[in-house]
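*Asks:* I would like the atomic coordinates for the input below:
(2 chains)
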Amino acid sequence: MRLLALFAAAWLGLAMPALAAEPSEMLKDPALEKRAHALGKDLRCLVCQSESIEDSNADLARDLRIIVRERISAGDSDDQVMKFVVDRYGDYVLLNPPFKATTLVLWVGPFVLFVVGLAVVWRVYGRRAARAATIAPAPLSADEKRRLDALLKDGAGK
Amino acid sequence: MIAEIGHFALILALAVAVVQSLVPLAGAQRGDAAWMAVAGPASMAQFLFVGVAFAALTHAYMVSDFSVLNVAQNSHTDKPMLYKVTGVWGNHEGSLLLWITILALFGAAVTAFGRNLPPGLKARALSIQAMVSVGFLLFILLTSNPFERLDPAPFNGQGLNPLLQDPGLAFHPPFLYLGYVGFSMAFSFAIAALIEGRVDPAWARWVRPWTLAAWIFLTCGIVLGSWWAYYELGWGGWWYWDPVENASFMPWLAGTALLHSAVVVEKRDALKSWTILLAIVTFGLSLLGTFLVRSGVITSVHAFASDPGRGVFILGLLTVVVGGSFMLYAVRAPSLKVGGLFAPISREGALLLNNVLMATGAGTVLLGTLYPLFADALDLGKVSVGPPFFNSVFLPLMVPMVLAMAIGPLLAWKRGDLPGVLSRLKLAVALSAAVAAATWVLQGGSAGPWWAAGGMGLATWLFLGTLAEFAERVRLFRSPAQALGRALALPRAAWGMTLAHAGLAIFIAGMTASSAWKEEKVQTMKVGDTVEVSGYAFTLAAVRDVEGPNYLATEGTFEVRTGGELFATVTPEKRTYRQPPRPTTEAAIVGTFLGDVYAVIGDADPQGGGWVTRLYFNPLVPWMWAGALIMVVGGVVSLSDRRHRVGAPTRARGSRPAAAKA
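*Replies:* As a prediction, this is how the structure comes out:
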């Protein structure tokens, strides 16, 4: 599916990034590198289409990767690193949009949609089912009962 | 000359489409058989003319006629013939022509296969189909003419983006479009039914196979694209929640819901207006996908505003089609007769619940995809909505859906017995919990992601639930001797459902494992170095330069050993294409039952010598492809069901009543 994006990119004359993080940028300590990688996955490459900085090889993504690793090496906590980046680049850099007034619709929307969907379905079909339940089916006649028994006995009937 | 014929054929197709969109519709209103009969020949003529145009453009690509602007911009004489042909749809104008060709193909298919359709419904549906054609033909002729000439013609073309020169790509857009446009059938018939004011099982019987066919194609298209991203982009990812991916995923979700609710219309004559709505929404989302990709609006609202010609046209088209349909729906849907009744706990109820969940899922993807655009347009600031959002909102919605998926098919129509079904699924519950617990222990508890155990448990639940339903249908445990005979006598649609649901279960297992436990090592290696990933030791044995038809490549040879034994020798490449000069990576992948061994070679390290290499073990990725393939096979098996062939004589099956129940 990625390639439709490429079509789009090709038409729009954008450069296509090929490969992501290079070994020279990586931190020596695997634990720190793992943290940096996890943080980077949530940071947007600002010049790409919804690619994280870890997946992009645009120059800007590289710079951000290095910034994240510098902050981590300097002993920042994950939150401090994120704050450092957001302070400089704004919420736009976060692939996971923060929950606040302007993103309320985004975060709450799906659940409202689901609840409303269920409510509508319940109203429309639940009422009909209730109406159907109140009308008890007529009891079987003796003849129908015989036929039913015969059908039930016939093993292939189901 | 041939290009002009193509251009002229498109204009003729437009003229035919205009006639086809008006005369049969008016004929159906007046009850005039002769006017209605115009639809058949017109749809054939439309297909013929569009086909001529498509052939003309293909010809221009095959002979590399660079006096055609589109060919000069997107082709090159050095390209292998396969990619010259597939280059036809590797660009905006050509892919639109492919879209229109497929639309006309479906119109012609209605005429060819729909002899037994009620004439009024057929005439109206073909008129609606033609209206969509008119919109797209106007779009291509007015804003995106693929036959525009270039004078003087250049000596050679600018070439096709090398990332697109790949067999996985070659067939991705046609499949995707067969899916997108295939949903136009359900749409046209839904609108026709709204105009007639009648939806009945015969309607569903016609719409269901076409929706199923479109679903199969769309699934293939999405999977091909995903597979291509996996092996071509070189970091083992296969889904990115990219707006363009979402554009194809939304119609898939809505189409899947439509497929299921059409079953209810056919079998139980219920959920009619909901099904009509889904048909409109599904095609609307297909059009929206086209709009998102074609208009450039995704990149930025401002790019869209600065070159609005194409975007505004297609936005207008979208508004007219979707807005018009919804208006018609609002006016006519209340007059649709209410069909069969059912209790909330019933197979209809379960299908409805899943429909609501699927629709919410599609709505979530829509919201997440469009939110940055709205936020920007409304000055709420620039927002990014990326994979973390979709994973944390969309996936939880799918959990109840998968839970219900195993239960639904076991419930009876009209009124089901939930406690009874659950007690029959006791074993499945126990085994799923056991798998989840075992997963948790094997991944070392919280050393792995917390959701991995849940994902594997869900996959087990769906798989076992599906098997339980099948076993019950063939009475595997009550009379095992006749089970095989019963299985063979089952309607193919039943087989199809079992396969598709089991395929999804396998897919979920693959998806969970590959997201949770992927192992990645990125480093600089010299010839002779060895790196171990998940028990596989990769030794870089050699690096050499190779030359392809239109590229130069660095080819690395890795010897992969496991437990001291040579497991495989793989040769990933990094290619640099000559025209346009761009690099691509060709990952080397060896699939095993438990996962893919995946190797990529990158650039030479300028300082220390050696090459950057990326080595991966991607657990259970083959399960994903296998699961998706099984889903598609399930669709094809279901499509081959005799009952789906409208007008096919019903074979007497009195001796095998088992076949009568689906």
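
*Asks:* Tell me where the model's unsure across chain A.
*Replies:* Segments of chain A classed as low confidence (criterion: pLDDT under 70) are A:1-21, A:50, A:126-139, A:154-158.

*Asks:* The nearest residue to B:Val18 once chain neighbours are set aside: neighbour count?
*Replies:* Excluding the flanking residues, the one nearest B:Val18 by CB to CB, 6 or more residues apart in numbering or on different chains is B:Val134, at 5.8 Å. Just so you know, the C-beta spots here come from the backbone N, C-alpha and C atoms, and that holds for glycine as well. Counted with other CB atoms under 10 Å in any protein chain shown, the burial measure for B:Val134 works out to 20 neighbours.

*Asks:* cool, B:Asp641 as well?
*Replies:* Other residues near B:Asp641 come to 19 when the count uses other CB under 10 Å.

*Asks:* what's the neighbour count on residue 22?
*Replies:* No chain was given, so I picked chain A. A:Glu22: 17 surrounding residues under other CB under 10 Å.

*Asks:* think we crossed wires, I meant chain B
*Replies:* When neighbours are defined as other CB under 10 Å, B:Leu22 has 16 of them.

*Asks:* One more: B:Arg478?
*Replies:* With neighbours defined by other CB under 10 Å, the count for B:Arg478 comes to 11.

*Asks:* so how far is B:Ala471 from it?
*Replies:* Between B:Arg478 and B:Ala471 the distance is 10 Å, computed by CB to CB, to the nearest Å.

*Asks:* How about chain A: which residue is closest to chain B?
*Replies:* Taking CB to the nearest CB as the measure, the point where chain A comes nearest chain B is A:Leu95, at 2.7 Å.

*Asks:* Flag the shaky bits of the stretch 201-350 of chain B, pLDDT-wise.
*Replies:* Flagging of the stretch 201-350 of chain B using pLDDT under 70 yields the residue ranges B:296, B:298-308.

*Asks:* So which residues on it come close to chain A?
*Replies:* Residues of the stretch 201-350 of chain B lying close to chain A (CB under 8 Å from any CB of the partner chain) are B:222, B:225-226, B:228-229, B:232-235, B:237, B:239-245, B:247-249, B:293, B:296, B:298-299, B:303, B:338, B:341-344, B:349.

*Asks:* Whichever of those residues end up buried, select them in PyMOL.
*Replies:* Applied in PyMOL, the following selects the buried portion of those according to 16 or more other CB atoms under 10 Å in any protein chain shown:
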select buried, chain B and resi 222+225+226+228+229+232+233+234+235+237+239+240+241+242+243+244+245+247+248+249+293+296+298+341+342+343+344+349
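
*Asks:* Can you flag which of the residues of the stretch 201-350 of chain B next to chain A belong to helices?
*Replies:* Judged by DSSP state H, helices contain the following of these: B:222, B:225-226, B:228-229, B:232, B:243-245, B:247-249, B:293, B:303, B:349.

*Asks:* So which of the residues you listed is the closest to B:Trp99?
*Replies:* For B:Trp99, the closest of those turns out to be B:Val293, at 10.8 Å, with distances computed as CB to CB.

*Asks:* Can you tell me how far that closest one is from B:Asp242?
*Replies:* When distances are taken as CB to CB, B:Val293 and B:Asp242 turn out to be 11 Å apart.

*Asks:* Also B:Thr77?
*Replies:* Here the criterion is CB to CB. By it, B:Thr77 lies 33 Å from B:Asp242.

*Asks:* try B:Tyr180
*Replies:* Distance of B:Tyr180 to B:Asp242, given as CB to CB: 17 Å.

*Asks:* same deal with B:Ala42?
*Replies:* Between B:Ala42 and B:Asp242 the computed distance is 39 Å (CB to CB).

*Asks:* Give me the most central residue, chain A.
*Replies:* With the centre of chain A defined as its mean C-alpha position, the nearest residue by CA atoms, centre = their mean is A:Asn96, 9.5 Å away.

*Asks:* surely that residue meets B:Val383?
*Replies:* No: with contact defined as CB atoms under 8 Å, A:Asn96 does not count as touching B:Val383 (10.6 Å).

*Asks:* Find the residues that touch each one of these two.
*Replies:* Taking CB atoms under 8 Å, 6 or more residues apart in numbering or on different chains as the contact definition, A:Asn96 and B:Val383 share no neighbouring residue.

*Asks:* just so I have it, where are all the strands in chain B?
*Replies:* For chain B, the strands defined by DSSP state E occupy B:519-525, B:530-533, B:536-547, B:551-562, B:565-570, B:573-577, B:583-586, B:588-591, B:595-604, B:611-619.

*Asks:* Quick check on the nearest residue to B:Gly609 once chain neighbours are set aside: phi, psi?
*Replies:* Computed as CB to CB, 6+ apart, the closest residue to B:Gly609 that is not its neighbour in sequence is B:Lys526, at 6.2 Å. The main-chain torsion angles of B:Lys526 are listed as degrees, to the nearest 10 and equal phi -100, psi 160.

*Asks:* Alpha carbons of the one helix or strand A:Phe84 maps to, as PDB, please.
*Replies:* A:Phe84 is part of helix A:78-89, with elements assigned from DSSP states H and E. What follows is helix A:78-89 as a C-alpha-only set of coordinates in PDB (Å, rounded to 0.1, in the frame of the first residue of the first chain):
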ATOM      1  CA  ASP A  78      11.700  10.200  28.100                       C
ATOM      2  CA  ASP A  79       9.300  13.000  29.000                       C
ATOM      3  CA  GLN A  80      12.100  15.600  29.100                       C
ATOM      4  CA  VAL A  81      13.300  14.500  25.600                       C
ATOM      5  CA  MET A  82       9.700  14.700  24.200                       C
ATOM      6  CA  LYS A  83       9.200  18.100  25.800                       C
ATOM      7  CA  PHE A  84      12.500  19.300  24.400                       C
ATOM      8  CA  VAL A  85      11.500  18.400  20.900                       C
ATOM      9  CA  VAL A  86       7.900  19.600  21.200                       C
ATOM     10  CA  ASP A  87       9.100  23.000  22.600                       C
ATOM     11  CA  ARG A  88      11.100  23.500  19.400                       C
ATOM     12  CA  TYR A  89       8.900  21.900  16.800                       C
END
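
*Asks:* Now for chain B, the helix or strand with the poorest mean pLDDT.
*Replies:* Within chain B, judged by mean pLDDT, DSSP states H and E, the helix or strand with the poorest mean is helix B:301-306; its value is a mean of 55.

*Asks:* Once you drop chain neighbours, what's closest to residue 122?
*Replies:* Went with chain A since none was named. Of all residues beyond its chain neighbours, the one nearest A:Trp122 is B:Pro344 (7.8 Å), with distances taken as CB to CB, 6+ apart.

*Asks:* nope, chain B
*Replies:* Leaving aside its sequence neighbours, B:Lys122 is closest to B:Gly114 (5.4 Å, by CB to CB, 6+ apart).

*Asks:* From B:Met36, how far off is the one you found?
*Replies:* Counting by CB to CB, the gap from B:Gly114 to B:Met36 is 13 Å.

*Asks:* Next: B:Ser75.
*Replies:* For B:Ser75, the distance to B:Met36 (CB to CB) stands at 44 Å.

*Asks:* of those two, who's got more company?
*Replies:* B:Ser75 (29 against 24).

*Asks:* residues in contact with the nearest residue to the more buried one once chain neighbours are set aside?
*Replies:* With CB to CB, 6+ apart as the measure, B:Gly157 is the residue that lies nearest to B:Ser75, at 4.4 Å, once sequence neighbours are left out. Residues in contact with B:Gly157, defined by CB under 8 Å, 6+ apart, are B:64, B:66, B:71-77, B:579.

*Asks:* give me that answer again for 6 Å
*Replies:* B:66, B:72, B:75-76 (CB atoms under 6 Å, 6 or more residues apart in numbering or on different chains).

*Asks:* And B:Arg473, by the same measure?
*Replies:* With CB under 6 Å, 6+ apart as the criterion, no residue contacts B:Arg473.

*Asks:* got it, and B:Leu25?
*Replies:* B:124, B:127.

*Asks:* Model confidence score at B:Asp417, please.
*Replies:* At B:Asp417 the predicted local distance difference test score is 85.

*Asks:* now swap in B:Pro657 and tell me
*Replies:* As predicted, B:Pro657 sits at a pLDDT of 40.
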